[in-house]
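Visitor: Output the structure for:
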Amino acid sequence: MISTALNAVPGRYRRGLSLSVRIGTLLLVLGIMAMFVGVAMLAGSRNEKPKEAVEMKETPYAYVTIQNNYRINLLAVDYLGTMQQGETEKEDYYLALFVDGNGDPYYCALRADKKTDLYNRLRAYVADETQVIGDASFDAYYSVHGISKFKNLQQEFDQGIEKYDGIVSEEIGEVKKSIYCLQYICGADEDYTAVVKGMQTKEKLGDFAAILLGAALAACGILLFVRNKKKRSLPAEEQTTYQYPQQSDGAPPQNDSFYRPTAQQPDNPPQQD
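Guide: Here you go, the predicted structure:
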């Protein structure tokens, strides 16, 4: 029977994989996947040229894509919020608007990293009470991202539109709402190529990091396999058996607490009729 056959198999073959083997397998698989992704990304970007910027004024909104960088004459409206990492301020977000290739204005979010010159210019605009909407325009290069990518930005963006839409629409007419957050790249034409190359170099460093991380995980997985195999190859520990101390006549002591003598059998058992 099947149950009999299973019971006949030694216990060590019926036992599941040890925890170290399972963890080692997981680390090895994750490591190989990370290395594969890193190599694929690095190979794909090997001969990558800096993205050419597209003129937003020549691009209808329906054809705007996150795959392109754009040259945009952007109009800043007001401050939305600041992203912080611990106590350190990293970047600011603003309500802004742009005009597409059909001449239609659209609200967007504007992301200004603290390391850029735009960051200080926008802060100065907000701090100057004599500045009004329309005074802060920035003809520059921007990359495009979805607003939903940034935590809590959508809510601040919608509230900013609700606050200023009445004022803006009186000046330039109806403004539609986009789904994009524009990130400042640079302002000068001669800086664009160098800045974009620098951004692509950072991405390549990230690919190298993925390869190194994958190699480290795979090495840890292999190490766990080796340790487990080495442990299984060690001889089993011998069982310690209890030996009764023997008396001079060879019989076990009568006062030993572990000794349980068997019942004495009669020399001549009674016969049954």
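Visitor: just the strands in the stretch 1-150 of the chain please.
Guide: Assignment of strands within the stretch 1-150 of the chain using DSSP state E, counting those that start in this stretch yields the ranges 53-55, 69-85, 88-99, 105-113, 137-146.
Visitor: Parallel or antiparallel, list what pairs with the longest one.
Guide: Under the criterion DSSP bridges, strand 69-85 sits next to strand 53-55 (parallel), strand 88-99 (antiparallel), strand 137-146 (antiparallel) in its sheet.
Visitor: For M56, list the residues it contacts.
Guide: The neighbourhood of M56, defined by Cβ atoms under 8 Å, 6 or more residues apart in numbering, consists of V64, Y70, R71, I72, N73, F98, V99, D100, G101. Bear in mind the C-beta positions are built from the backbone N, C-alpha and C, glycine included.
Visitor: for the strands of the stretch 1-150 of the chain, which one sits closest to Q131?
Guide: Among these, strand 69-85 comes nearest to Q131, with 9.6 Å by Cβ to Cβ.
Visitor: Export that closest one to PDB, keeping only CA atoms.
Guide: Coordinates of each C-alpha in strand 69-85 appear next as PDB, following Å, rounded to 0.1, in the frame of the first residue of the first chain:
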ATOM      1  CA  ASN A  69      12.100  66.500 -22.200                       C
ATOM      2  CA  TYR A  70      10.500  69.800 -23.200                       C
ATOM      3  CA  ARG A  71      11.500  73.400 -23.600                       C
ATOM      4  CA  ILE A  72       8.600  75.300 -21.900                       C
ATOM      5  CA  ASN A  73       7.900  78.900 -21.100                       C
ATOM      6  CA  LEU A  74       6.400  78.100 -17.700                       C
ATOM      7  CA  LEU A  75       4.400  80.500 -15.500                       C
ATOM      8  CA  ALA A  76       4.700  80.000 -11.800                       C
ATOM      9  CA  VAL A  77       1.500  80.800  -9.700                       C
ATOM     10  CA  ASP A  78       2.200  80.000  -6.100                       C
ATOM     11  CA  TYR A  79       4.000  77.700  -3.600                       C
ATOM     12  CA  LEU A  80       2.400  74.300  -2.800                       C
ATOM     13  CA  GLY A  81       4.800  72.600  -0.400                       C
ATOM     14  CA  THR A  82       8.200  71.300   0.400                       C
ATOM     15  CA  MET A  83       9.500  67.700   0.500                       C
ATOM     16  CA  GLN A  84      11.700  67.000   3.500                       C
ATOM     17  CA  GLN A  85      14.000  64.100   4.400                       C
END
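Visitor: all helices of the chain, in order?
Guide: 2-8, 11-14, 19-44, 117-127, 153-172, 189-233 (DSSP state H).
Visitor: pLDDT below threshold where in the protein?
Guide: Per-residue confidence of the chain (counting by pLDDT under 70) places the weak regions at 1-22, 24, 26-28, 31, 34-51, 198-215, 217-218, 221, 224-273.
Visitor: Figure out which of the strands paired with strand 69-85 is closest to L80.
Guide: Each of the strands paired with strand 69-85 has some distance to L80 by Cβ to Cβ; the shortest is strand 88-99, at 4.4 Å.
Visitor: which of the contacts of M56 lies closest to K163?
Guide: Scanning the contacts of M56 for proximity to K163, where the rule is Cβ to Cβ, the winner is F98, at 19.0 Å.
Visitor: Surely Q84 and K90 touch.
Guide: Yes: here Q84 reaches K90: they are 6.4 Å apart, a contact under Cβ atoms under 8 Å.
Visitor: Give me the neighbour count for the closest residue to T59 other than its chain neighbours.
Guide: Nearest-residue entry for T59: G101, 4.6 Å, with adjacent residues in sequence omitted and distances by Cβ to Cβ, 6 or more residues apart in numbering. The local packing count at G101 equals 16, with neighbours defined by other Cβ atoms under 10 Å.
Visitor: Just list the residues touching G101, thanks.
Guide: Contacts for G101 were tallied using Cβ under 8 Å, 6+ apart; they are M56, K57, E58, T59, P60, Y61, Y63.
Visitor: Filter these down to the buried ones and hand me the ChimeraX line.
Guide: Restricted to buried positions by 16 or more other Cβ atoms under 10 Å, the ChimeraX selection for the contacts of G101 reads:
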select :56,59,61
